[in-house]
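Asks: using only what follows, build the 3D model:
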Amino acid sequence: MATISLSQRSTTFRHPKNGSVVEEICGLIRVHKDGYVERPPVVAHASCMIPLGLEVTATDVMINKFTNLWARVYAPSNKQLSSKRPLVVYFHGGGFCVGSASWACYHDFLINLARDACCVVVSVNYQLAPENRLPAAYDDGFNVIMWLKQEALKGTVNELKGCDYPSLYLAGDSAGANIAYHAMSRLVYRPILSPKGIILIQPFFGGESRTMSEKHSTQPVNSALTLPASDTYWRLALPVGFTRDHPWCNPLARGAPRLSDMRLFKTLVCMAELDILKDRNLEFTSALAGLGAPVQSVIYKDVGHAFQVLHNYPLAQTRTHEMMAHVKAFINP
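Replies: Numbering: from 1, shown residues only. Predicted coordinates for the structure are as follows:
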């Protein structure tokens, strides 16, 4: 698994600074005054080829060539499985601004998810901010569901032929969990496919008022998310001029999608004890539970944000195995 640390993020930019940088997250993204955006290759990209011994197959599928919306589809290759497999649509993290469905860390994680949870995974490569600010990523999430509805009738992707479309789950980590949540809220009013549930792994929500974990969590140098980085991601992702109390950032803000709609779906919220988002995730989970929504929550001890893909904490592998077991139980009741 790939590990990102601050030491690895240095001196990787190519474009001269020349005082023109208006936003920067160390080693991950730099935005210049003229609109030029740099994203150094801090994580290797992986092809969809998978060794036979892992018992998973994968393929890349173009969904919309005009917006470069594509997905990597994973399926267990165990021929002995007789029943249809649950379908998980997964959105990667990266603050809406970095990341890819082909990042090696996500490729490895989703191979294991497809194999260990016995499910088909559609990993979405959505448009990134700031070139494509929100709601572009939400539009991509919704369009993937529309594509899946058509694919259910056409049956052109081999990896999807063994999936159970009625057993559809939306999932993601960090910004990807935010996308999954807002894509789910759209499906309440346009039920193209009716998901059974949603899996939110360290969902990237925010707000103008700071939580205790945002103010007081001490993050190590290799943390995947610090408070300054979080603020920068939101400035780059939200429409220009809006604050972190925009409903796309703060699901509890006035004007946000109705949480009561989430009673239609079961929800699993996976949190990390050392994550600055822990308290915000707890507030969201408590609000859902207070409305009678079927919600389960787990806090993984002694690990921080994105531990399951970056493995930048000593207990990351152990906690990732625990998470896999929880997800498997959630989608295979």
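Asks: show me what the longest strand along the chain is packed against.
Replies: The strand that spans the most residues within the chain, counting by DSSP state E, is strand 163-173. Packing partners of strand 163-173 (3 or more C-beta pairs under 8 Å, 6 or more residues apart in numbering; DSSP states H and E): strand 85-91, helix 136-154, helix 175-187, strand 197-201, helix 316-331. (Glycine included, C-beta is placed from N, CA and C.)
Asks: pull out the buried positions in it.
Replies: Across strand 163-173, burial judged by 16 or more other C-beta atoms under 10 Å covers 163, 165, 167, 168, 169, 170, 171, 172, 173.
Asks: what's the most distant pair in those residues?
Replies: Using C-beta to C-beta, the buried residues of strand 163-173 span at most 23.3 Å, a distance reached by 165 and 173.
Asks: so where's the stretch 51-200 of the chain shaky on pLDDT?
Replies: For the stretch 51-200 of the chain, the stretches flagged by pLDDT under 70 are 79-82.
Asks: quick check: residue 112 touching residue 323?
Replies: No: the criterion here is C-beta atoms under 8 Å, and residue 112 misses it with residue 323 at 10.3 Å.
Asks: quick one, which of the two is more surrounded?
Replies: A direct count of neighbours by other C-beta atoms under 10 Å for residue 112 and residue 323 places residue 323 higher, at 23 against 18.
Asks: what's stretch 303-321 in contact with?
Replies: Here stretch 303-321 makes contact (C-beta atoms under 8 Å, 6 or more residues apart in numbering) with 1-5, 93, 105-106, 108-109, 173-174, 201-202, 219-220, 222-225, 272-277, 300-302, 323.
Asks: name the nearest of the buried residues of strand 163-173 relative to residue 129.
Replies: Nearest member of the buried residues of strand 163-173 to residue 129, counting by C-beta to C-beta, is residue 172, at 15.6 Å.
Asks: on that earlier part again, which of the helices and strands packed on strand 163-173 sits closest to residue 62?
Replies: Across these, residue 62 has its closest neighbour in helix 136-154 (10.1 Å, C-beta to C-beta).
Asks: list of residues touching the closest one?
Replies: With contacts defined as C-beta under 8 Å, 6+ apart, helix 136-154 is touched by 63-64, 67, 69, 71, 87, 89, 91, 96, 122, 124, 126-129, 157, 160, 165, 168, 170, 175, 179-180, 182-183, 186-187, 190, 192-193, 248.
Asks: what's the helix or strand for the closest residue to residue 109 other than its chain neighbours?
Replies: Among residues not flanking residue 109 along the chain, residue 309 sits closest, at 5.0 Å (C-beta to C-beta, 6 or more residues apart in numbering). When elements are assigned from DSSP states H and E, residue 309 belongs to helix 307-310.
Asks: for residue 331, see how far away residue 301 is.
Replies: 23 Å (C-beta to C-beta, to the nearest Å).
Asks: of all the helices and strands packed on strand 163-173, which lies closest to residue 266?
Replies: strand 197-201 (4.1 Å).
Asks: may I see the buried residues of the closest one?
Replies: 197, 198, 199, 200, 201.
Asks: repeat that for stretch 150-167.
Replies: Quick answer for stretch 150-167 (16+ other C-beta under 10 Å): 151, 157, 159, 160, 162, 163, 165, 167.
Asks: determine which two of the residues you listed are furthest apart.
Replies: Those two in the buried residues of stretch 150-167 that are separated most widely, counting by C-beta to C-beta, are 157 and 167, at 16.9 Å.
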